[in-house]
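[1] A predicted structure for the sequence below; I have some questions about it.
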Amino acid sequence: MPDFSLENALRACGLAIIAGVDEAGRGPLAGPVAAAAVILPAAFRDPGLDDSKKLSAKKREALYHILTDDPRVKWAVALASAAEIDTLNILRATHLAMRRAVAGLGVVPDHCLIDGLPVRGFPWPHEGIVKGDGRSLSIAAASILAKVTRDRLLRAIDAEFPLYGFAKHQGYGTKQHLEALRIHGPCCHHRRSFEPVAQLALPLDGA
């Protein structure tokens, strides 16, 4: 289970404002990539807070409300669109969303804990924590906010383009999604730089 070990070690070095940063949606064929930044108070406790991938959708929603309703928690979520992903590539677009999230916090963090590897050119002091959403409570909180935000967006996209089933697969390359792509071609929310979307030379944007 994640805890405050990493945050406490930084606080012991005089770094008071620690932000956890994580993303959701790097792998799907459609939709934006979402990133969240979260600063938890040192006294924050919730025994259910964990890596978002280990939690049910219902539990993630409940934790989302706990985190965002707590006035002590500083948080921000940001996106990079499918068009930005196609222009920049998914890695750079993910890093762009992360920078936007941290910039949206309203306070300047002394240090950021980023899930995964360090981010080249990141404007704030930081370190990459491999599998950090299972080690750091701050990163785990960010993973939940990013995941819930993106899932909500994909449900909204599903209402706009119901032929693809976005609400069920969140844009991932499931059998249902691939079959819908084969029949209908890509819509404006698909990532044209991703296979097999890139191979679909169909003239129409969705249906």
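    Sure thing, it's come through.

[2] only C-alpha atoms for contact and neighbour calcs from this point on.
    OK.

[3] what's the burial count for the residue nearest to residue 198 when sequence neighbours are not counted?
    If you skip the residues right next to it in sequence, residue 198 has residue 192 as its closest partner in space, 5.0 Å away by CA to CA, 6 or more residues apart in numbering. Neighbours of residue 192 under the rule other CA atoms under 10 Å: 21.

[4] likewise for residue 196?
    The local packing of residue 196 (other CA under 10 Å) involves 15 other residues.

[5] what sits against it?
    Contact criterion CA atoms under 8 Å, 6 or more residues apart in numbering gives no residues in contact with residue 196.

[6] can you verify residue 47 is assigned to a helix?
    No: counting by DSSP: H, G, I helix; E, B strand; the rest coil, residue 47 falls outside a helix, being coil.

[7] and after the helix ranked longest in the chain, which helix or strand comes next?
    Secondary structure of the chain per DSSP state H: the longest helix is helix 137-160. Per DSSP states H and E, the first helix or strand lying C-terminal to helix 137-160 is helix 166-169.

[8] that following helix - contacts with which helices or strands?
    Packing contacts for helix 166-169, counted by 3 or more CA pairs under 8 Å, 6 or more residues apart in numbering; DSSP states H and E, involve helix 137-160.

[9] just the strands in this structure please.
    18-24, 33-39, 74-80, 111-115, 126-129 (DSSP state E).

[10] most tightly surrounded among those strands?
    Neighbour counts (mean count of other CA atoms under 10 Å) averaged over each of these peak at strand 33-39, with a mean of 31.

[11] give me the contact list for that one.
    Applying CA under 8 Å, 6+ apart, the external contacts of strand 33-39 come out as 17-26, 73-82, 93-94, 97-98, 101-102, 105, 138-139, 141-143, 145-147, 149-150.

[12] ditto for stretch 8-18
    Applying CA under 8 Å, 6+ apart, the contact partners of stretch 8-18 are 7, 39-40, 108-113, 138.

[13] so how far is it from its chain's centroid?
    Computed by CA atoms, centre = their mean, to the nearest Å, the separation of stretch 8-18 from the middle of its chain amounts to 25 Å.

[14] same deal with stretch 186-199?
    20 Å.

[15] distance between the ends of that stretch?
    10 Å (CA to CA, to the nearest Å).

[16] still on that earlier bit, I figured the residue nearest to residue 198 was touching residue 90, is that so?
    No: counting by CA atoms under 8 Å, residue 192 does not reach residue 90; the two are 11.5 Å apart.
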